[in-house]
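Visitor: Build me a model from this:
(one chain, ligands or ions: 1)
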Amino acid sequence: MDMEDNWLSMWNDRYREKSYAYGISPNQYLKAQLDQLPAGKVLLAAEGEGRNAVYAAIQGWTVSAFDISIEGKNKAMQLAKANETHIDYKVGPLTELNYQVGEFDVVALIYAHFPPSIRSEYHSHLSSLVKKGGKIILEAFGKNHLPYRSQNEKVGGPNDQAFLISIDEISTVFKDYEIIELTEKEVVLSEGTYHNGVGSVTRFIGVKR
Ligand SMILES: C[S@@+](CC[C@H](N)C(=O)[O-])C[C@H]1O[C@@H](n2cnc3c(N)ncnc32)[C@H](O)[C@@H]1O
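Guide: Predicted coordinates for the structure are as follows:
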């Protein structure tokens with residue numbers, strides 16, 4: 001097994017568990033942002049078991065989501081069904097999913113920790129899918145997170161500095177965006193089994209110029 005297979009197996013194994021790894025409630029930062037916007041078209045990147053996608057669909061958004069994990073998709077479709085709502089969910093490499101340039105009002109990256117080797121390509125690609133005046137909404141573990149994880153493993157997140165997201169990286173890759181918020185801060189997470197406790201997260205809201 002190579003590194004890519006291990007990575008995919010890790011996510012599929014996690015999502016084969018009966019419970020929802022990060023719960024069935026949406027990420028609170030994303031929810032607060034979506035609740036202020038008129039419903040439009042949203043893309044949830046690396047969406048896992050669908051907690052954010054299903055919330056957005058219930059609020060009237062037209063929802064697209066993608067991930068590498070088929071088990072994540074299976075759980076997400078179950079959650080959508082249980083809530084009598086609809087989401088479009090694709091599995092595979094972003095470059096093969098045929099999303100259109102400027103298609104989305106919002107692209108959300110919630111704990112979308114892509115491998116470092118593809119991250120900047122993925123961020124640029126995702127940026128191209130946002131329409132002019134549309135938004136990127138991002139929350140992910142930041143560069144100061146590892147000491148928090150060492151103190152309390154239950155807070156979760158990558159155990160490798162290279163997977164963490166810095167403010168500098170975000171301001172560089174999303175340079176075409178007006179920054180509404182860009183910060184790394186300490187927050188208390190309570191999301192399912194795998195995000196519990198105090199961690200350091202990077203948050204970004206940008207509007208495409
Ligand atoms: C911490 S989980 C977050 C899931 C979801 N966004 C949420 O907040 O509940 C990280 C997700 O990234 C996905 N992922 C990792 N590498 C990926 C890639 N190259 N392309 C798409 N998704 C990927 C994993 O399968 C996993 O679902």
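Visitor: Which residue would you name as the spatial centre of this protein?
Guide: For the chain, Ile110 is the residue whose C-alpha lies nearest the centre (C-alpha atoms, centre = their mean; 2.5 Å).
Visitor: Which positions in this structure make contact with the ligand?
Guide: 11, 22, 27, 46-48, 51-52, 67-69, 72, 110-114 (C-beta under 6 Å from any ligand atom). In this view, the C-beta of every residue, glycine as well, is placed from N, C-alpha and C.
Visitor: Cross those against strands and list the overlap.
Guide: 67, 110 (DSSP state E).
Visitor: Can you list the low-confidence ranges for this protein?
Guide: Across the chain, the ranges flagged by pLDDT under 70 are 1.
Visitor: Can you show me the strands along this structure?
Guide: 41-45, 62-67, 88-91, 104-110, 130-141, 177-191, 195-208.
Visitor: residues near Leu8, how many?
Guide: 15 (other C-beta atoms under 10 Å).
Visitor: any idea how far the residue nearest to it when sequence neighbours are not counted lies from Asn12?
Guide: Leaving aside its chain neighbours, Leu8 sits nearest to Ile68 (5.6 Å; criterion: C-beta to C-beta, 6 or more residues apart in numbering). Ile68 sits 9 Å away from Asn12, going by C-beta to C-beta, to the nearest Å.
Visitor: Who has more neighbours out of these two?
Guide: Neighbours per residue (other C-beta under 10 Å) separate Ile68 from Asn12, with Ile68 holding more: 19 against 15.
Visitor: Please identify which residue in the chain comes closest to the ligand.
Guide: Gly48 (2.9 Å; C-beta to the nearest ligand atom).
Visitor: Give me the nearest residue to that residue, chain neighbours excluded.
Guide: Counting by C-beta to C-beta, 6+ apart, the residue nearest Gly48 is Gly72, at 4.5 Å.
Visitor: so who does that neighbour touch?
Guide: Residues near Gly72 by C-beta atoms under 8 Å, 6 or more residues apart in numbering: 11-12, 15, 47-50, 91.
Visitor: What subset of the residues you listed is buried?
Guide: Neighbour counting with 16 or more other C-beta atoms under 10 Å marks 11, 15, 47-50 as buried within the contacts of Gly72.
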